[in-house]
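>>> got a structure for you, letters missing:
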């Protein structure tokens with residue numbers, strides 16, 4: 001299927017939607033991963049190839065957030081360290097796993113993540129406002145480490161976990177999105193290198209996907225900064241509902 005030129009346009013379109021969703025809420029890889037698999041990539045290769053787009057998309061989103069001045073680089077980098085360590089562990093497990101088992105686990109993770117986010121753990125806690133500095137304690141750092149393991153393993157839905165961690169640490173969803181994309185940006189090259197070393201990255205479809213995801217990432221970051229906390233929360237809810245319906249109607 002990968003020999004058809006029109007599939008490149010489909011990859012770009014999926015990348016735009018998935019990239020914007022990743023930055024605004026999370027879960028964009030729940031769209032891009034199935035698209036890659038339906039195009040004929042083995043599940044493990046799709047998991048690795050998807051990281052090409054994720055890396056480029058988050059680079060664009062981080063640049064946009066940095067220009068908007070919505071984060072503190074000190075705590076952002078502090079949170080990224082446990083994310084990298086977790087990503088190494090999660091990626092190694094993913095590269096060792098058989099494709100059929102990975103696909104079954106991915107299906108269950110999609111269901112669990114959708115139900116967990118519909119429960120709305122993010123919206124149940126009041127968050128810090130504006131530029132107040134929030135201390136990242138050991139609980140938050142452990143949360144970033146566990147999110148890194150999950151992100152290294154499958155990537156899809158890691159944004160929901162990172163937003164929950166940043167919210168519980170005391171940040172609003174705008175600044176939470178800023179730290180989320182930085183954690184993913186810093187940990188993704190490690191995962192991508194491990195997948196590539198294992199022969200589980202197909203670069204041509206990955207680069208077409210990346211072309212769409214960088215556009216979607218820039219769009220998502222701008223929308224997050226312009227629309228603010230309540231709008232982002234609405235997008236999170238809408239994204240989860242769409243994903244849940246998709247799971248219910250899928251054969």
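Nice, thanks for sending it over. Predicted model, so just to flag it, every value in this text is computed and none were measured.

>>> what's stretch 85-96 in contact with?
Applying CB atoms under 8 Å, 6 or more residues apart in numbering, the external contacts of stretch 85-96 come out as 44, 47-48, 102, 144-154, 187-188, 190-191, 194-195, 198, 200. For every residue, glycine as well, the C-beta is placed using N, CA and C.

>>> list the contacts for residue 13?
Contact analysis of residue 13 by CB under 8 Å, 6+ apart lists residue 212.

>>> For it, pull up the helix or strand it's in.
helix 6-24 (DSSP states H and E).

>>> For the protein, which segments count as helices?
Using DSSP state H, the helices found in the chain span residues 6-24, 29-38, 43-68, 73-96, 99-118, 138-153, 158-169, 173-197, 203-227, 229-249.

>>> So what's the model's average confidence on the third one?
Translated: helix 43-68. For helix 43-68, mean pLDDT rounds to 83.

>>> Same question for the first one.
With pLDDT averaged residue by residue, helix 6-24 scores 80.

>>> what's the spacing between it and its chain's center?
Distance, stretch centre to chain centre, for helix 6-24: 13 Å (CA atoms, centre = their mean, to the nearest Å).

>>> buried residues in the helix holding residue 13?
Buried residues in helix 6-24, counted by 16 or more other CB atoms under 10 Å: 7-8, 10-12, 14-24.

>>> and if you look at stretch 138-153?
Under 16+ other CB under 10 Å, the buried positions of stretch 138-153 are 140-141, 143-153.

>>> Switch the residues you listed over to JSON lines; also include pLDDT and distance to residue 93.
Compiled in JSON lines, these are given as follows (pLDDT from 0 to 100; distance: CB to CB, whole Å):
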{"residue": "140", "pLDDT": "80", "distance to residue 93": "23"}
{"residue": "141", "pLDDT": "85", "distance to residue 93": "21"}
{"residue": "143", "pLDDT": "87", "distance to residue 93": "19"}
{"residue": "144", "pLDDT": "90", "distance to residue 93": "18"}
{"residue": "145", "pLDDT": "93", "distance to residue 93": "14"}
{"residue": "146", "pLDDT": "91", "distance to residue 93": "13"}
{"residue": "147", "pLDDT": "90", "distance to residue 93": "15"}
{"residue": "148", "pLDDT": "92", "distance to residue 93": "12"}
{"residue": "149", "pLDDT": "93", "distance to residue 93": "8"}
{"residue": "150", "pLDDT": "91", "distance to residue 93": "10"}
{"residue": "151", "pLDDT": "90", "distance to residue 93": "12"}
{"residue": "152", "pLDDT": "92", "distance to residue 93": "8"}
{"residue": "153", "pLDDT": "92", "distance to residue 93": "6"}
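
>>> what's the closest of the residues you listed to residue 39?
In terms of CB to CB, no member of the buried residues of stretch 138-153 lies closer to residue 39 than residue 153, at 21.7 Å.

>>> Let me know the pLDDT of the nearest residue to the closest one once chain neighbours are set aside.
Residue nearest to residue 153 in three dimensions, not counting chain neighbours: residue 90, with 3.8 Å by CB to CB, 6 or more residues apart in numbering. Looking at residue 90, its pLDDT reads 93.

>>> Please give the number of neighbouring residues around residue 90.
24 (other CB atoms under 10 Å).

>>> What of residue 96?
Residue 96: 9 surrounding residues under other CB under 10 Å.

>>> Ok, residue 203 next?
Residues near residue 203, counting by other CB under 10 Å: 11.

>>> for residue 108, same thing?
Neighbourhood size, residue 108 [other CB under 10 Å]: 9.

>>> before we move on, what about residue 109?
Each residue near residue 109 was counted by other CB under 10 Å, and the total is 16.

>>> What separation do you get for the closest residue to it other than its chain neighbours and residue 97?
The shortest distance from residue 109 to any non-neighbouring residue, by CB to CB, 6+ apart, is to residue 154 (6.1 Å). According to CB to CB, to the nearest Å, residue 154 stands 10 Å off from residue 97.
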